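Participant: Structure for this input, please:
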Amino acid sequence: MELTVKDVSKSYGQNKALSGLTLTFTPGIYALLGPNGSGKTTLMNIITDNLKYDSGSVTYEGVNISDMGRNFLQLLGYMPQYPGIYPQFTAEEYLFYIAALKGVKSPAAQIDDILREVELDDVRRKRTSTFSGGMKQRLALAQAVIGDPKILVLDEPTAGLDPKQRIAMRNYISRISMQKIVLIATHVVSDVEYIAKTAIFLKKGVVIDSGSPSSLAEKSRGQVWTVKTDADRVAEFQNRYKVINISGEGSEVWMRLLSETCPCDGAEAAVPTLEDEYIRVFDR
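Facilitator: Reported below is the predicted structural model:
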């Protein structure tokens, strides 16, 4: 199973959203990371055949996805960043409707399992107009996985979820990713650090780095520090260094910051994370 994006470019007027982008995806989870305007959503819309590109090609098993028509759509599960969920449907009705659109036969048992996994089985007969933002987000993920798609494209899947729900959804996505190509665009780096086999850094429509989350995090080795200082020196450190986290009690403050050299006496080198490397790369 292979999905290939080759030399793809896309512009909106004078704005170049993607510039000669080439990527190859095989089964596993890929994290698309980058600031707003980096091209993540444009790439996802092209891969799902919702947006036409200016040049290049997108192929599945060597066949252009535009030529596959409905055959490609049946392989695809898509969760957009702002999903449209019909308010007059109950959760169960909505999933049966999506299953019908996808041509899924006998979906009842599958819908039961999915509603249980996304923790909506107790509200399955409530109208979605009564749902919170987090509940709608989980329902959007549920509709994406109906039909056991081979390609799963998720745009900000954990937005609006509380920490417990984020962990549950992250574990669920990881569990169903076997024998699937899963693309996740997110601003919450910690959500993909431990489940993605490859993280891809995008900036202005170009891949600036990619690799396993651990290998990318390692690039910040020796540049991440924890510092204990007085509260009245926080502004001084913020002016001199990129401060990632600040915590404290009373007059004592602990900071996690980036510096190519030891920032002060008593500073201790910290184990780098993918988030540290993300900040280092995108906030130079």
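Participant: any idea how far the residue nearest to Tyr97 when sequence neighbours are not counted is from Val207?
Facilitator: Nearest non-adjacent residue to Tyr97, counting by Cβ to Cβ, 6 or more residues apart in numbering: Phe89, 6.5 Å away. All C-beta spots, glycine's among them, are computed from the backbone N, C-alpha and C. According to Cβ to Cβ, to the nearest Å, Phe89 stands 39 Å off from Val207.
Participant: thinking again about what came up before, if I look at the residue nearest to Tyr97, what pLDDT would I see?
Facilitator: Note for Phe89: predicted pLDDT of 94.
Participant: What count of nearby residues applies to it?
Facilitator: 17 (other Cβ atoms under 10 Å).
Participant: wouldn't it be in contact with Arg124 here?
Facilitator: No - assessed by Cβ atoms under 8 Å, Phe89 is found out of contact with Arg124, at 11.1 Å.
Participant: for the stretch 51-200 of the chain, what spans make up the helices?
Facilitator: 65-68, 70-73, 91-102, 108-117, 133-145, 163-176 (DSSP state H, counting those that start in this stretch).
Participant: of all these, which lies closest to Ser259?
Facilitator: helix 163-176 (29.6 Å; Cβ to Cβ).
Participant: Mind listing what's buried along the closest one?
Facilitator: Residues of helix 163-176 classed as buried: Gln165, Arg166, Ala168, Met169, Arg170, Tyr172, Ile173, Ile176 (neighbour count, 16 or more other Cβ atoms under 10 Å).
Participant: do the same with stretch 95-102
Facilitator: Those buried within stretch 95-102 under the rule 16+ other Cβ under 10 Å are Leu95, Phe96, Ile98, Ala99, Lys102.
Participant: any idea which of these is closest to Leu120?
Facilitator: Nearest to Leu120 among the buried residues of stretch 95-102 is Leu95, at 9.3 Å by Cβ to Cβ.
Participant: okay but that closest one is in contact with Gln143, surely?
Facilitator: Yes - under the criterion of Cβ under 8 Å, Leu95 makes contact with Gln143 at 6.1 Å.
Participant: And for Leu141, the neighbour number?
Facilitator: So Leu141, with other Cβ under 10 Å, has 23 neighbours.
Participant: now it: how far from Thr24?
Facilitator: Taking Cβ to Cβ, one finds Leu141 at 25 Å from Thr24.
Participant: How about Arg240?
Facilitator: For Arg240, the distance to Thr24 - Cβ to Cβ - is 42 Å.
Participant: quick one: buried residues of stretch 259-275?
Facilitator: So stretch 259-275, judged by 16+ other Cβ under 10 Å, has buried residues Ser259, Pro263, Cys264, Ala267, Ala270, Pro272, Thr273, Leu274, Glu275.
Participant: can you pull the contacts of the closest residue to the fifth one other than its chain neighbours?
Facilitator: The one in question is Ala270. Once flanking residues are discounted, Ala270 sits nearest to Val224: 4.5 Å by Cβ to Cβ, 6+ apart. Applying Cβ atoms under 8 Å, 6 or more residues apart in numbering, one finds that Val224 lies in contact with Ile244, Arg256, Leu257, Leu258, Ala269, Ala270, Val271, Pro272, Thr273, Asp276.
Participant: What ranges in this structure fall below the confidence cut-off?
Facilitator: 284 (pLDDT under 70).
Participant: Got the domain ranges for it?
Facilitator: 3-75+150-211, 88-141, 218-282 (automatic domain parsing).
Participant: Including distance to Gln81, could these go into JSON lines?
Facilitator: Below are the domains of the chain laid out as JSON lines (distance: least, Cβ to Cβ, whole Å):
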{"stretch": "domain 3-75+150-211", "distance to Gln81": "4"}
{"stretch": "domain 88-141", "distance to Gln81": "9"}
{"stretch": "domain 218-282", "distance to Gln81": "19"}
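Participant: Excluding chain neighbours, give the residue nearest to Thr22 in space.
Facilitator: Lys6 (5.3 Å).
Participant: got it, and Glu252?
Facilitator: Nearest to Glu252 is Lys228, by Cβ to Cβ, 6+ apart, at 6.6 Å.
Participant: Alright, I will stop here.
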